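Undergrad: Can you look at this prediction? I've put the sequence above it.
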Amino acid sequence: MNARKKQPNDPHAIRIRLREQMVDISERRARIDHQIGHREEALAADFSEQAIELENSETMYALDDQLRNEAREIQAALARLDLGTYGLCEACGAGIDERRLAALPAIRFCVRCATKAERS
């Protein structure tokens, strides 16, 4: 058989993967919105239950924020694909290792620049 093997840097395959991640994020956010909606009902009469409910709500809001940030990163990666700059470090312009891109397709920085940024 002459099946074409997908290349790790195939823009079409990358775009599909990023869009699949966006769908996953949208579904997860919908579940969180549903959970938060139930939490906005009246709090339990018991103080300890109130504390747990509030803590759970805070966790849900934090998860939603994290998912929103992930969605922004994916949108930025899709824009870089459109511009032809996908796979290039935003800090130094060097190519990002394909293994790093395969593991983290929305990544913006090479290992060196990411490490440098984490230290500062």
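TA: Looks like it came in fine.
Undergrad: Now do the helices for this structure: every range, in order, please.
TA: Ranges of helices in the chain, per DSSP state H, are 11-39, 47-83, 98-103, 111-119.
Undergrad: of all the ones you listed, which lies closest to Cys92?
TA: helix 111-119 (5.5 Å; C-beta to C-beta). (Glycine included, C-beta is placed from N, CA and C.)
Undergrad: buried residues in that closest one?
TA: Going by neighbour count (16 or more other C-beta atoms under 10 Å), the buried part of helix 111-119 is Cys113, Ala114.
Undergrad: quick one on the thing from earlier: now the helices of the chain in CSV, with mean pLDDT?
TA: Formatted as CSV, the helices of the chain follow (pLDDT from 0 to 100):
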stretch, mean pLDDT
helix 11-39, 90
helix 47-83, 88
helix 98-103, 93
helix 111-119, 94
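Undergrad: okay if I get these as a markdown table plus distance to Ala91?
TA: Below are the helices of the chain laid out as a markdown table (distance: least, C-beta to C-beta, whole Å):
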| stretch | distance to Ala91 |
| --- | --- |
| helix 11-39 | 20 |
| helix 47-83 | 14 |
| helix 98-103 | 14 |
| helix 111-119 | 4 |
